[in-house]
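> heads up, no residue letters with this:
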Ligand code: DGL
């Protein structure tokens, strides 16, 4: 990495993106917008979803297996597009992969929340595992020690998002039930709500309607994409636009791996990514 000659091939490698399932595609979408010249290799560990109800030990083991698979495919940077896996395994991944940049979603989400809040009261919606482990509280209070953080576990949101029930009476009823502690908070209530699970952005409209206008909703996807961009710039690993001519096929620029159900991954994933995924382009792998 120290010689200029060695930089070019490395810069042309793909960015690896990983989630327990399709939720991380909301982050991939932001990455594509922020880094249009880059190539991406996305892995959804669909066979073992949900991660959020499992122990930290199991999540860390699964996450490291998935990350090993991406690293073995010569990525230049790893984006852990899953809050649950970021909370459980980010330090272990950084130890394991040495100089490879590893970026999670929690630090960028915490930063965005601290920038958004005016009154220092922040609510975080996440999976059981993410909320139980307190990673957001630590990350937010590392930036603003006086911030108060209310964590709310919303595991059914993962199932609703996967099922496509992102609006209507069932989604509204589940949101009202989960968000009750936030709505019942004594004043001053949280003015900022972090979507601390990459499955949740597709439910943002129903969440916003439930909490009302006074609460700003933070999705860490855009901040994560900005963090990845900054890290690639710092490491001089940005893929030069000129090396990605129109001739480079879309198939090269975006590849998918899933551990189960490629048809389902493509069908549901298309909603999260905001563009069609062709099931024949999804490679089935075993970890
Ligand atoms: N998308 C994952 C996250 O950001 C959670 C989904 C799951 O429970 O596997 O935490």
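Sure, I can see it. What you see is a predicted model; the values in this text were computed from it and never measured.
> quick check on the residue positioned nearest the centre of the chain: phi, psi?
In the chain, the centroid-proximal residue (CA atoms, centre = their mean) is residue 81; its distance is 2.8 Å. Note on residue 81: its backbone torsions stand at phi -90, psi 40 [degrees, to the nearest 10].
> need the nearest residue in space to it, chain neighbours excluded.
residue 24 (3.1 Å; CB to CB, 6 or more residues apart in numbering). Heads up, the C-betas are built off the backbone N, CA and C, glycines and all.
> what sits against the one you found?
17, 18, 42, 44, 79, 81, 82, 198 (CB atoms under 8 Å, 6 or more residues apart in numbering).
> which two of those residues have the greatest separation?
Across the contacts of residue 24, the longest distance by CB to CB is 13.1 Å; it joins 44 and 79.
> could you name every residue contacting both of these two?
By CB under 8 Å, 6+ apart, the residues touching both residue 44 and residue 79 are 18, 24.
> chain center to stretch 73-86: distance?
Between the centre of stretch 73-86 and the centre of its chain there are 9 Å (CA atoms, centre = their mean, to the nearest Å).
> now the end-to-end length of it.
With CA to CA, to the nearest Å as the measure, stretch 73-86 spans 20 Å from end to end.
> what of stretch 203-221?
14 Å.
> just how off-centre is that stretch within its chain?
That offset, for stretch 203-221, works out to 17 Å (CA atoms, centre = their mean).
> contacts for it, please.
By CB under 8 Å, 6+ apart, stretch 203-221 touches 26-27, 29-30, 83, 105-106, 108-109, 112-113, 116-117, 123, 125, 157, 160-161, 166-167, 171-172, 175-176, 179, 182-183, 189-196, 198, 200-201.
> among the residues you listed, name the ones in strands.
Among the contacts of stretch 203-221, the ones falling in strands (DSSP state E) are 123, 125, 192, 193, 194, 195.
> so, low pLDDT: which residues of the stretch 1-150 of the chain?
Along the stretch 1-150 of the chain, the parts satisfying pLDDT under 70 run over 1-8.
> one step back: could you export the ones in strands among the contacts of stretch 203-221 as CSV, including distance to the ligand and neighbour count?
Formatted as CSV, the ones in strands among the contacts of stretch 203-221 follow (distance: CB to the nearest ligand atom, whole Å; neighbours: other CB atoms under 10 Å):
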residue, distance to the ligand, neighbour count
123, 16, 25
125, 10, 27
192, 18, 23
193, 15, 27
194, 11, 29
195, 9, 26
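> flag every residue of the stretch 101-250 of the chain that's near the ligand.
Proximity of the stretch 101-250 of the chain to the ligand is confined to 127, 130, 158, 197, 198, 199 under the rule CB under 6 Å from any ligand atom.
> chain neighbours aside, what residue packs nearest to residue 262?
residue 282 (4.1 Å).
> what is the neighbour count of that neighbour?
By other CB atoms under 10 Å, the residues close to residue 282 number 22.
> surely it meets residue 268?
No - the pair residue 282 / residue 268 is not scored as a contact, 11.4 Å apart, by CB atoms under 8 Å.
> which neighbours do those two share?
With CB under 8 Å, 6+ apart, residue 282 and residue 268 have no common neighbours.
> using JSON lines, lay out the contacts of residue 24 together with distance to residue 262.
As requested, these are exported to JSON lines (distance: CB to CB, whole Å):
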{"residue": "17", "distance to residue 262": "17"}
{"residue": "18", "distance to residue 262": "17"}
{"residue": "42", "distance to residue 262": "13"}
{"residue": "44", "distance to residue 262": "10"}
{"residue": "79", "distance to residue 262": "21"}
{"residue": "81", "distance to residue 262": "19"}
{"residue": "82", "distance to residue 262": "19"}
{"residue": "198", "distance to residue 262": "20"}
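> contacts for whichever strand or helix holds residue 264?
Under the criterion of DSSP states H and E, residue 264 resides in helix 262-273. Contact partners of helix 262-273, identified using CB under 8 Å, 6+ apart, comprise 21-23, 25-26, 28-29, 44, 46, 161-162, 164, 202, 256, 258, 276-279, 281-284.
> tell me the helices and strands packed up against the very next helix or strand once past it.
Sequence-wise, the next helix or strand downstream of helix 262-273 (DSSP H and E) is strand 282-284. Counting contacts by 3 or more CB pairs under 8 Å, 6 or more residues apart in numbering; DSSP states H and E, strand 282-284 packs against strand 254-258, helix 262-273.
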